[in-house]
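Q: Sequence plus predicted model, see below.
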Protein chains: 2
Amino acid sequence: MTTQTLVAEIKKKKSFLCIGLDIDLEKIPPHLLSVEDPIFEFNKSIIDATHHLCVAYKPNTAFYEAYGLKGWSSLEKTIRYLNKNYPDIFTIADAKRGDIGNTSSMYAKAFFEDLKFDAITVAPYMGKDSVEPFLAFQNKHTILLALTSNAGAFDFQTKKINEKEVYKHVLETSKSWKNSDKLMYVVGATKAEYFKEIRKIVPHSFLLVPGVGAQGGSLQEVCKYGLNENIGLLINSSRGIIYASKNKDFAEKAAFAAGVLQHEMEPFI
Amino acid sequence: MTTQTLVAEIKKKKSFLCIGLDIDLEKIPPHLLSVEDPIFEFNKSIIDATHHLCVAYKPNTAFYEAYGLKGWSSLEKTIRYLNKNYPDIFTIADAKRGDIGNTSSMYAKAFFEDLKFDAITVAPYMGKDSVEPFLAFQNKHTILLALTSNAGAFDFQTKKINEKEVYKHVLETSKSWKNSDKLMYVVGATKAEYFKEIRKIVPHSFLLVPGVGAQGGSLQEVCKYGLNENIGLLINSSRGIIYASKNKDFAEKAAFAAGVLQHEMEPFI
């Protein structure tokens, strides 16, 4: 998907909501556990109930890998369902991959060609040649970890190299990489005040923002500092939406929770 | 597997060789492509031919994910074959994972509990709470990226925070994490002179060393600076061993290439 299509969808739906599909069998409604593929059935219901309220879905691959082959199959079915039924939805494999060049190429092939995701999250630690293989794919997007929403972000990301934080070096350095126009960045909502600084370095890029809701970030604060001429934000919520209810009304309650966020976003578009 | 068992195996086999199982269908002998599961058959032959010359195998998960469900199934079969037939071999999932706490727990479950790997490689960018979930597992090992063997290592890893390189901060900081005795570190062989400095920070830890062979590192140089009282090194070679021949003698040629490295290691034990 091109960035233009994503922006058009945001304007059409008046939403820049991304829904995280982080599926834990212990958290989904118990009545689903008896069907053949509970994870896929859960995802399908959530997607059917919320697709008009969001512009992106983001399955976190860890939650699928944890169930081995069956989990990987549920992930495949989910992305194929999305691509077939809702081709205008932006799909993100939250995989946080990154390895030496030839290995990153294999990951890119897995997620962009085989599974046909529009985007993947990638870790920056191994530098340029671990990220550029992802950037080589047409109309695909690489979402680089910059400033994450967890406590451990302060271990290295906010430490200073020559008076400037590591995450700012990541942002700046990545702009020099080949096809850097295909980069987006992960920036946690728990640190809204950082968005002002980040926008100075990457004014035009899309930022994927986890941490709103369950992790305590504020949508208003993020929008205040993070919005750009193309909106430029994808606000992710996972648990707050998909686990809004453990009963048979789970999809309906998820749609309600997604609707609340979409409603909050509407004035900004 | 405990570290003591690993050290005992090293001494018994007079080898600290790790063989990387990075399987690319375009590089394996063409006659295998007609069997039902070429990747597993290839791995099985390589393992049967080389297990007495090495102490560890390291499948890189990217190469399996690239083939979707079939690839994931080949990975499962490979690790189960290893655990069943060669339980004294140390197994490493080269997955370079790392995410917020609850997500890292899912990855740890996938690789330690479901697949029963002894170790996994993990990226440090997200800090303490992204790594500690892996460290909570008994007799399992977490191999943290410190200084990698690719050109991109110089983008961030060797930059200085308060006069000290980022990778040294990673080494030092990680020592304060809970169960840090279960940490090992990835240190690329292409920078042998760095080992002296690294050993000052982590004198007792095992280092997993890629980059010998295809990537240009020297075994002699690495041993000179990297060995410790328990050997403390796992030297990885992938392509130089597994792709030593594309003919029917591939397993035999792989054993020969592994034997050359084992022979070079013998005097150091």
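A: All right, it came through fine. Residues are numbered from 1 along each chain as shown, chains lettered A, B, ... in the order given.
Q: remind me which residues of the stretch 151-269 of chain A are low pLDDT?
A: Along the stretch 151-269 of chain A, the parts satisfying pLDDT under 70 run over A:213-216.
Q: where along it do the helices fall?
A: A:153-156, A:166-174, A:194-201, A:219-226, A:239-242, A:250-265 (DSSP state H, counting those that start in this stretch).
Q: Reformat those helices as JSON lines; add distance to B:Gln220 and mean neighbour count.
A: C-beta here means a position set from N, CA and C on the backbone, and glycine is covered the same way. Converted to JSON lines, these look like this (distance: least, Cβ to Cβ, whole Å; neighbours: other Cβ atoms under 10 Å in any protein chain shown):
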{"stretch": "helix A:153-156", "distance to B:Gln220": "33", "mean neighbour count": "22"}
{"stretch": "helix A:166-174", "distance to B:Gln220": "34", "mean neighbour count": "22"}
{"stretch": "helix A:194-201", "distance to B:Gln220": "44", "mean neighbour count": "17"}
{"stretch": "helix A:219-226", "distance to B:Gln220": "52", "mean neighbour count": "18"}
{"stretch": "helix A:239-242", "distance to B:Gln220": "52", "mean neighbour count": "22"}
{"stretch": "helix A:250-265", "distance to B:Gln220": "59", "mean neighbour count": "19"}
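Q: what's A:Pro38 in contact with, if anything?
A: A:Leu25, A:Ile28, A:Leu32 (Cβ atoms under 8 Å, 6 or more residues apart in numbering or on different chains).
Q: Of the residues you listed - the most surrounded one?
A: A:Ile28 (21 neighbours; other Cβ atoms under 10 Å in any protein chain shown).
Q: Tell me who's in contact with A:Thr61.
A: A:Leu75, A:Ala93, A:Asp94, A:Ala95 are the contacts of A:Thr61 under Cβ under 8 Å, 6+ apart.
Q: Kindly report the same for A:Ile19.
A: Applying Cβ under 8 Å, 6+ apart, the residues near A:Ile19 are A:Ile46, A:Thr50, A:Cys54, A:Ala56, A:Tyr57, A:Lys58, A:Asn236, A:Ser237, A:Ser238, A:Ile241, A:Ile242, A:Ala258.
Q: Pretty sure the last one sits against A:Leu53.
A: Yes. With contact defined as Cβ atoms under 8 Å, A:Ala258 reaches A:Leu53; the gap is 4.3 Å.
Q: Now for these two: what residues contact both?
A: What both A:Ala258 and A:Leu53 touch, as defined by Cβ under 8 Å, 6+ apart, is the set A:Leu17.
Q: nearest residue to the residue in the stretch 1-150 of chain A positioned nearest to chain B other than its sequence neighbours?
A: Among residues of the stretch 1-150 of chain A, the one nearest chain B by Cβ to the nearest Cβ turns out to be A:Gly127. It sits 2.4 Å away. Excluding the flanking residues, the one nearest A:Gly127 by Cβ to Cβ, 6 or more residues apart in numbering or on different chains is B:Gly152, at 2.4 Å.
Q: Run a quick neighbour tally on that neighbour.
A: Neighbours around B:Gly152, by other Cβ under 10 Å: 23.
Q: Now do the contacts for it.
A: Residues near B:Gly152 by Cβ under 8 Å, 6+ apart: A:Met126, A:Gly127, A:Lys128, A:Asp129, A:Ser130, A:Val131.
Q: one step back: among the contacts of A:Pro38, which are within reach of chain B?
A: Of the residues in the contacts of A:Pro38, proximity to chain B by Cβ under 8 Å from any Cβ of the partner chain holds for none.
Q: any idea whether A:Lys27 is helix, strand or coil?
A: Using DSSP: H, G, I helix; E, B strand; the rest coil, the structure places A:Lys27 in coil.
Q: Tell me which residue is most central in chain A.
A: Here the mean C-alpha position of chain A is nearest to the C-alpha of A:Lys58 (Cα atoms, centre = their mean), at a distance of 4.8 Å.
Q: and chain B, which of the helices of the stretch 151-269 of chain A is closest to it?
A: Here helix A:153-156 is closest among the helices of the stretch 151-269 of chain A (Cβ to the nearest Cβ), at 3.1 Å.
Q: what residues does the closest one touch?
A: Contacts of helix A:153-156 (Cβ under 8 Å, 6+ apart): A:147, A:166, A:188, A:191, B:124-128, B:166, B:169-170, B:173.
Q: JSON lines please, covering those residues and showing distance to B:Ala62.
A: As requested, the contacts of helix A:153-156 are exported to JSON lines (distance: Cβ to Cβ, whole Å):
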{"residue": "A:Leu147", "distance to B:Ala62": "26"}
{"residue": "A:Val166", "distance to B:Ala62": "25"}
{"residue": "A:Gly188", "distance to B:Ala62": "26"}
{"residue": "A:Lys191", "distance to B:Ala62": "31"}
{"residue": "B:Pro124", "distance to B:Ala62": "19"}
{"residue": "B:Tyr125", "distance to B:Ala62": "18"}
{"residue": "B:Met126", "distance to B:Ala62": "19"}
{"residue": "B:Gly127", "distance to B:Ala62": "23"}
{"residue": "B:Lys128", "distance to B:Ala62": "26"}
{"residue": "B:Val166", "distance to B:Ala62": "24"}
{"residue": "B:His169", "distance to B:Ala62": "27"}
{"residue": "B:Val170", "distance to B:Ala62": "22"}
{"residue": "B:Thr173", "distance to B:Ala62": "27"}
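Q: List just the nearest of those to A:Asp249.
A: Checking the contacts of helix A:153-156 against A:Asp249 with Cβ to Cβ, the nearest one is A:Gly188 at 31.0 Å.
Q: any idea what sits nearest the closest one, other than its immediate chain neighbours?
A: A:Ser149 (2.8 Å).
Q: Go ahead and confirm that neighbour touches A:Tyr194.
A: No. Contact criterion Cβ under 8 Å: A:Ser149 and A:Tyr194 do not qualify, at 10.9 Å.
Q: Can you show me the strands along chain A?
A: For chain A, applying DSSP state E gives strands covering A:17-21, A:56-59, A:90-97, A:119-122, A:141-147, A:160-161, A:164-165, A:183-187, A:207-209, A:233-237.
Q: Tabulate those strands (TSV), appending distance to B:Trp177.
A: Converted to TSV, the strands of chain A look like this (distance: least, Cβ to Cβ, whole Å):
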stretch	distance to B:Trp177
strand A:17-21	26
strand A:56-59	28
strand A:90-97	19
strand A:119-122	23
strand A:141-147	19
strand A:160-161	22
strand A:164-165	22
strand A:183-187	22
strand A:207-209	27
strand A:233-237	27
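Q: Show me the one of those strands that comes nearest A:Ala108.
A: strand A:119-122 (7.4 Å).
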